[in-house]
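J.: one predicted model, sequence on top.
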2 protein chains.
Amino acid sequence: MQDNFKEILKERGLKVTSQRVLVLDILSQAVGEHLTAEEIYNKVKSKNPDIGLATVYRTIQLLSELKLVDKIVLNDGCIRYEIAGDEANSGHHHHHLICVECGKLTSFSEDLLENLECAIMEKKDFLVLNHEVKLYGYCSECREKHAN
Amino acid sequence: MQDNFKEILKERGLKVTSQRVLVLDILSQAVGEHLTAEEIYNKVKSKNPDIGLATVYRTIQLLSELKLVDKIVLNDGCIRYEIAGDEANSGHHHHHLICVECGKLTSFSEDLLENLECAIMEKKDFLVLNHEVKLYGYCSECREKHAN
DNA sequence: GTCTTTGCAAATGATTTGCAATATA
DNA sequence: TATATTGCAAATCATTTGCAAAGAC
């Protein structure tokens, strides 16, 4: 992953800096955690206290443009990031379950809407490139709490 | 619609003010336009120049809580509002097509994911209350421009 | 008359930007 | 050495909030 990243940077004439490597590293180690920019900053600072918040923001944006991380914008406007999986290469993102009680965010990937995309093309004359599905509801833990 | 609104306000002990009525009115007249807070403010100001931006924000938030308007958070973090249709009452929102070239936002409603919700319950032990689908691609106008 | 709402201006919070100093290639 | 990147502090942008004045019931 890191070697891949270094090559991508070089191809674009961008420099491999310790800050960029560290941010990608933190995100790679946080699979399934869906961190906010601030959370990434805090984790990064615990390994390199001299890093600036602006650098973290710039790096996240860069990684997002390079499709190495996915940006998830929740309904309440909160923005979270996660390392991109292999599905990213297929051109179809994975989807999310969001618990309306505890806020827990879970990913799942499944090509849900193949048929829909054809139907939309016919009905709406709109060519779908990508789709994004968010399901809001109650996770198992919160349902258990309710049962008690 | 307005009579309905006035009753809902009274039921909750809230007051019917000219500002609240005007904001709902503007949104009712902008079906399919998906306005930003700023755009709503400008339309509102052209009818009542004395209204404050904060009041517009407060009213949008109120209307959103009352489920009279839908809040749409785009991938880029941009937030838009539209008057809620009848689907809102069913507990299932409608969905959106977003053109990646011109940014045009179109709604469509169709119960796409009935089966999925059962599958998610079994596989992920997650009870889905509501779902939200965004399809990104090219609208017909932008595809025509490309063809030329 | 009481309690809510408004408009304004100031506060907030997240993100971005300008720039001199520093690190990479 | 030349160019890209960094850290910092200041700027920005959308949204929220405190409060005295005005409005609704």
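T.: Arrived safely, thanks for sending.
J.: who in chain A is up against DNA strand D?
T.: Applying Cβ under 7 Å from any atom of the strand, one finds that chain A approaches DNA strand D through A:9, A:13-15, A:17, A:19-20, A:48, A:50-55, A:58-59. In short, each C-beta sits where N, CA and C put it, glycine included.
J.: can you flag the buried ones in those residues?
T.: A:Leu9, A:Gln19, A:Arg20, A:Ile51, A:Thr55, A:Thr59 (16 or more other Cβ atoms under 10 Å in any protein chain shown).
J.: of these, closest to B:Lys145?
T.: Minimum distance to B:Lys145 across those is 34.1 Å, recorded for A:Leu9 (Cβ to Cβ).
J.: secondary structure element holding that closest one?
T.: According to DSSP states H and E, A:Leu9 maps onto helix A:2-11.
J.: now do that helix: which elements does it pack against?
T.: helix A:18-28 (3 or more Cβ pairs under 8 Å, 6 or more residues apart in numbering or on different chains; DSSP states H and E).
J.: after the lowest-mean-pLDDT helix or strand in chain A comes which helix or strand?
T.: Ranked by mean pLDDT, DSSP states H and E, the weakest helix or strand in chain A is helix A:87-90, scoring a mean of 50. Going down the chain from helix A:87-90, the next helix or strand is strand A:95-99, by DSSP H and E.
J.: how far does that next one sit from its chain's centre?
T.: Computed by Cα atoms, centre = their mean, to the nearest Å, the separation of strand A:95-99 from the middle of its chain amounts to 12 Å.
J.: after the longest helix seen in chain A, next one along is what?
T.: If you go by DSSP state H, chain A has its longest helix at helix A:53-65. Downstream of helix A:53-65, the first helix or strand assigned by DSSP H and E is strand A:69-73.
J.: how about that following strand and chain B, touching?
T.: Yes: contact of strand A:69-73 with chain B (Cβ under 8 Å from any Cβ of the partner chain) involves A:Lys71, A:Val73.
J.: quick one: name whatever helix or strand follows that strand.
T.: As assigned by DSSP H and E, the chain's next helix or strand after strand A:69-73 is strand A:79-83.
J.: what angle separates that following strand from strand B:69-73?
T.: Interaxial angle, strand A:79-83 versus strand B:69-73 (axes from the mean of the first three to the mean of the last three Cα atoms, to 10 degrees): 40 degrees.
J.: what angle separates the strand of greatest length in chain A from strand A:69-73?
T.: Ranked by residue count under DSSP state E, the longest strand found in chain A is strand A:127-138. Comparing the axes of strand A:127-138 and strand A:69-73 via the same axes, to 10 degrees yields an angle of 60 degrees.
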